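A.B. asks: Sequence plus predicted model, see below.
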Amino acid sequence: MGAAPQAPRTRVTARARDLRFDAGSLSLNLVATVGRRPVGPVERMGDAERLAAWCSGVGLTPAPGYEAEALLRSLHALRDAAYDIASSLLDGHRPSPASVDLVNGLAARETPAVRLELTPAGVRPAPGGDLLTEDALLSVVARDLIGLVSDASRRERLTMCASAVCRMLYLNPASGRARQWCSMRRCGNNAKAAAHRRRRAATAEG
């Protein structure tokens with residue numbers, strides 16, 4: 001009788017907890033703050049420090065005085081809804097009405113108008129124009145997801161990492177070869193190494 005297939009390796013390393021900013025869209029970068037969803041979810045944005053790092057990494061600046069714990073809870077809820085909706089584009093399941101309502105409700109909130117100011121040196125963006133209230137920050141992410149769902153070309157580029165452990169959602173590049181892995185340096189190299197081990201094991205058994 002042949003040996004049972006090995007389960008995917010699920011050891012949680014520091015790298016597995018790394019924030020990812022390479023999913024190709026703001027909302028998918030939020031989804032990627034949970035790693036390894038199919039085999040044992042890894043929380044990558046679980047405290048105020050990680051929240052600040054994520055906001056910095058995606059280019060969003062919360063206005064001073066924001067409540068980190070409240071914003072984290074809201075982003076986690078939006079993250080779950082975004083995953084439900086985005087993954088439905090790939091596997092055809094029907095997203096929860098609660099997910100759709102949450103995204104629509106957040107997207108309807110107002111974001112600050114971008115302003116310019118005239119200085120002796122010329123025109124420039126008005127200071128503070130990039131500062132976002134909690135509502136505005138959530139709205140920006142929700143609108144990005146709606147933009148993804150609404151754009152046929154982006155929907156066609158949406159894919160899921162081929163790694164049975166990872167399954168990260170990401171957008172393939174608009175031009176060039178489609179990627180099988182979320183990152184060749186991460187899952188691609190892991191897959192190559194695993195295939196090499198299997199070949200060596202098969203040769204040894206033979």
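C.D. replies: Yes, it's here.
A.B. asks: can you pull the pLDDT of the closest residue to residue 108 other than its chain neighbours?
C.D. replies: Distances taken as Cβ to Cβ, 6 or more residues apart in numbering place residue 139 nearest to residue 108, at 7.5 Å, with adjacent residues excluded. Every C-beta, even on glycine, is put in place using the N, C-alpha and C of the backbone. Confidence at residue 139, expressed as pLDDT, is 97.
A.B. asks: isn't there a helix covering residue 139?
C.D. replies: Yes: counting by DSSP: H, G, I helix; E, B strand; the rest coil, residue 139 is part of a helix.
A.B. asks: Check the burial of the residue lying closest to residue 75 once chain neighbours are set aside by counting its neighbours.
C.D. replies: What sits nearest to residue 75 in space, not counting adjacent residues and going by Cβ to Cβ, 6+ apart, is residue 30, at 6.6 Å. Residue 30 has 23 neighbouring residues, counting by other Cβ atoms under 10 Å.
A.B. asks: again, but for residue 18
C.D. replies: 13.
A.B. asks: How many residues are close by residue 35?
C.D. replies: 22.
A.B. asks: quick one: the strands in the protein?
C.D. replies: 34-35, 42-43, 61-62, 116-119, 122-125, 131-132, 158-160, 169-171 (DSSP state E).
A.B. asks: most centrally placed residue in this structure?
C.D. replies: The residue lying closest to the centre of the chain (Cα atoms, centre = their mean) is residue 29, at 2.5 Å.
A.B. asks: could you list every residue that touches that residue?
C.D. replies: If you count contacts by Cβ atoms under 8 Å, 6 or more residues apart in numbering, residue 29 has them with 20, 21, 22, 23, 54, 57, 58.
A.B. asks: Spatially, which residue comes closest to residue 136, not counting chain neighbours?
C.D. replies: Per Cβ to Cβ, 6+ apart, closest to residue 136 is residue 111, 4.5 Å.
A.B. asks: Quick check: which ranges of the chain have low pLDDT?
C.D. replies: Filtered on pLDDT under 70, the chain yields the residue ranges 1-12, 188, 190-206.
A.B. asks: Do you have the helices of the protein handy? List them.
C.D. replies: Applying DSSP state H to the chain gives helices spanning 26-31, 48-58, 68-91, 97-107, 134-150, 152-157, 189-205.
A.B. asks: since we're on the nearest residue to residue 80 once chain neighbours are set aside, how many residues are nearby?
C.D. replies: Of all residues not flanking residue 80 in the chain, residue 99 sits nearest, at 7.3 Å (Cβ to Cβ, 6+ apart). If you count neighbours by other Cβ under 10 Å, residue 99 ends up with 18.
A.B. asks: Equivalent analysis for residue 37, please.
C.D. replies: 18.
A.B. asks: what's the answer for residue 67, then?
C.D. replies: 12.
A.B. asks: Do I have it right that it meets residue 134?
C.D. replies: Yes: at 7.2 Å, residue 67 counts as touching residue 134 under the criterion of Cβ atoms under 8 Å.
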